[in-house]
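Asker: Test case, fold it:
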Amino acid sequence: MYTLSAYYHKSRVDFMDKKHPLFIGSCGTYHLYTVEKLPTHRPKGRLDYQLLYIASGRAHFYFDGKPTVVEAGNMVLYRPREEQRYYYGADQTEVYWVHFTGNNVKNFLRRYGIADDTRIIYTGISIEYKNLFMSMIEELNLQRIDYEEMLINYFTILLISLHRIALQKPRKKNLQNMNDMEQAAQYFRMHYNKPISIEDYAVSHNMSISWFIQNFRQYANTTPAQYVQSLRLTNAKMLLETTNYNITEIVNLVGYENPLYFSRFFRKQCGISPSQFRKQLVPNAESCPK
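Answerer: So this is what the prediction gives:
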């Protein structure tokens with residue numbers, strides 16, 4: 001399991017903030033690889049709000065005692081003092097979360113189309129969501145000047161993105177198309193480390209290439225090729241952080257054939273090379289780009 005988190009004042013204790021309209025208290029991510037089950041149960045909930053983004057796989061929630069499976073491409077919102085009971089299964093589930101509080105949160109959520117009784121929010125799958133969560137994690141970990149403002153900015157951008165998706169929802173393709181795209185996304189998640197031909201996948205599932213790319217983009221806010229690249233990059237980062245494999249070994253493990261191409265792509269996405277990324281993970285490093 002890969003996990004990364006950040007907390008205000010480095011404390012895991014939840015709190016209610018009445019001074020600010022909106023305040024980010026903590027955020028993080030989990031990515032399950034071998035753990036069979038990662039459960040959470042807070043019978044009395046928390047003092048703050050929590051927003052969870054299911055980036056891949058699925059999560060199992062209990063709302064009013066009834067089990068609900070939430071697939072990738074959705075977010076779940078918990079309000080203060082609501083019972084929180086959920087678990088992630090061992091199906092390559094990747095989840096991002098943020099806890100927030102403030103004296104005007106309810107109106108802030110309403111402003112971006114999130115009603116008072118909303119629990120599950122359709123979002124689609126997008127690397128942009130992950131980037132926003134990772135930016136919040138980095139800001140809260142480093143706590144540089146004006147980081148609290150930056151956290152609010154990233155969180156606001158996230159809510160604006162969700163609002164746009166909600167307004168576009170009536171124009172989404174039918175349920176069968178969505179199921180086809182989820183099946184494709186699941187296939188890519190399970191086989192990202194092997195050679196993947198987008199054209200071959202489309203043809204083998206009786207879809208034209210242009211139709212498949214267009215519908216996948218509507219479903220995930222990214223193209224199939226970009227989605228596969230993001231999976232490879234995420235897992236490459238995880239291996240750089242958690243193993244001693246050399247760069248060539250990692251390149252092979254995540255599905256690239258050319259180490260030079262991988263290094264160029266990594267630098268383009270992260271601003272530094274894979275080896276520099278790993279060097280900055282040493283203890284007490286001042287920055288750690290994620």
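Asker: Can you name the residues in contact with stretch 144-155?
Answerer: The contact list for stretch 144-155 (CB atoms under 8 Å, 6 or more residues apart in numbering) reads 22-24, 98, 100, 132, 135-136, 139-140. Where you see a C-beta, it was placed from the backbone N, CA and C, and this is true even at glycine.
Asker: Kindly recompute the last result at 10 Å.
Answerer: Identification of contacts with stretch 144-155 by CB atoms under 10 Å, 6 or more residues apart in numbering yields 6, 8, 20-25, 27, 51, 98, 100, 102, 108, 131-141, 143, 286-287.
Asker: How far does the longest helix seen in the chain sit from its chain's centre?
Answerer: Longest helix of the chain, by residue count under DSSP state H: helix 147-168. Taking CA atoms, centre = their mean, to the nearest Å, one finds the center of helix 147-168 at 14 Å from the center of the full chain.
Asker: following that helix, which helix or strand comes up?
Answerer: helix 175-191 (DSSP states H and E).
Asker: State the mean pLDDT of that next one.
Answerer: On average, the pLDDT along helix 175-191 is 82.
Asker: residues of it that come out buried?
Answerer: For helix 175-191, burial by neighbour count (16 or more other CB atoms under 10 Å) applies to 177-178, 180-182, 184-186, 188-189.
Asker: Stretch 154-161 too?
Answerer: For stretch 154-161, a neighbour-count test (16+ other CB under 10 Å) marks 154-155, 158-159, 161 as buried.
Asker: Is the residue of the chain most remote from its centre in a helix, a strand, or coil?
Answerer: Distance to the chain centre peaks in the chain at residue 206, reaching 30.1 Å (criterion: CA atoms, centre = their mean). At residue 206 the chain is in coil, as set by DSSP: H, G, I helix; E, B strand; the rest coil.
Asker: what's it in contact with, if anything?
Answerer: 180, 212.
Asker: who are the neighbours in contact with the closest residue to residue 203 other than its chain neighbours?
Answerer: In space, residue 203 comes closest to residue 209 once its chain neighbours are excluded; the distance is 7.4 Å by CB to CB, 6 or more residues apart in numbering. Residue 209 sits next to 198-203, 224 when contact means CB under 10 Å, 6+ apart.
Asker: again, 8 Å this time
Answerer: Residues in contact with residue 209 (CB under 8 Å, 6+ apart) are 198-199, 202-203.
Asker: name the element residue 196 belongs to?
Answerer: Here residue 196, judged by DSSP H and E, is contained in no helix and no strand.
Asker: Helices of this protein, start to end?
Answerer: 105-111, 127-142, 147-168, 175-191, 198-204, 209-220, 224-242, 247-253, 259-270, 274-279.
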